[in-house]
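Participant: Just to be clear, the model below is a prediction. Sequence and coordinates:
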Amino acid sequence: MLFKQLGGAFTQLDYSAKSPAFYANAIGQNQIIWMAEVRGEPVGFLRAKPVDDVLYCAEISVLRQHQGKRIGERLIAHFVDFARANEFAGAAGVTYEHVPWNGPYYLRLGFNLLPGDQIGPELAQIMSSEVETVLSKAGNRIVFGKRF
């Protein structure tokens, strides 16, 4: 709903939740999912996977009523710490460049825009995937990251 409120092409995209089976399959494919809870209730998560030599943030979400409480920031910090501790060369993700809680948010958290020469073949394949092609119709998509 948050993206749809931006109007324009964002209203045409399907932001439906993925099924529990999708996430069970993701874990079986060497993906990692961290959950954030408040009083025993799940309020957010971050899904990551190894891509090229970096840990890739494939998805992050925090329930709307819990946004603004730095839950996403703590999930991202944990993601980066995990990447460092497990000897990845960096951490990266793909996001909208100008949506305030996307590109500007990650830049504020210390990430940089990754130039093409720092994007490996697997990440380049993600950027050219069908999903990214659809998402890019709503706005410019960028690769953010930090190298260790």
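Facilitator: Yep, it's here.

Participant: Mind listing what's buried along the host helix or strand of Arg84?
Facilitator: Using DSSP states H and E, the element containing Arg84 is helix 71-85. For helix 71-85, the neighbour count (16 or more other CB atoms under 10 Å) marks 71-72, 75-76, 79-80, 82-83 as buried. (Each C-beta comes from the backbone N, C-alpha and C, glycine too.)

Participant: Show me what that helix is packed against.
Facilitator: Helices and strands touching helix 71-85, by 3 or more CB pairs under 8 Å, 6 or more residues apart in numbering; DSSP states H and E, are strand 32-38, strand 41-51, strand 54-62, strand 90-96.

Participant: of all those strands, which lies closest to Gln125?
Facilitator: Gln125 lies closest to strand 41-51 among the helices and strands packed on helix 71-85, at 8.9 Å (CB to CB).

Participant: what pairs with the closest one, and is each one parallel or antiparallel?
Facilitator: Each strand paired with strand 41-51, and its direction, by DSSP bridges: strand 32-38 (antiparallel), strand 54-62 (antiparallel).

Participant: now could you export just the CA positions of the helix holding Arg84 as PDB?
Facilitator: Below are the C-alpha coordinates for helix 71-85, written out as PDB (Å, rounded to 0.1, in the frame of the first residue of the first chain):
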ATOM      1  CA  ILE A  71      13.500  -1.700  13.200                       C
ATOM      2  CA  GLY A  72      14.500  -1.700   9.500                       C
ATOM      3  CA  GLU A  73      17.700   0.100  10.300                       C
ATOM      4  CA  ARG A  74      18.600  -2.600  12.900                       C
ATOM      5  CA  LEU A  75      17.800  -5.400  10.500                       C
ATOM      6  CA  ILE A  76      20.100  -3.800   7.900                       C
ATOM      7  CA  ALA A  77      22.800  -3.300  10.500                       C
ATOM      8  CA  HIS A  78      22.600  -7.000  11.400                       C
ATOM      9  CA  PHE A  79      22.600  -7.900   7.700                       C
ATOM     10  CA  VAL A  80      25.800  -5.900   7.200                       C
ATOM     11  CA  ASP A  81      27.500  -7.300  10.400                       C
ATOM     12  CA  PHE A  82      26.600 -10.800   9.300                       C
ATOM     13  CA  ALA A  83      28.200 -10.200   5.800                       C
ATOM     14  CA  ARG A  84      31.400  -8.900   7.400                       C
ATOM     15  CA  ALA A  85      31.600 -11.700  10.000                       C
END
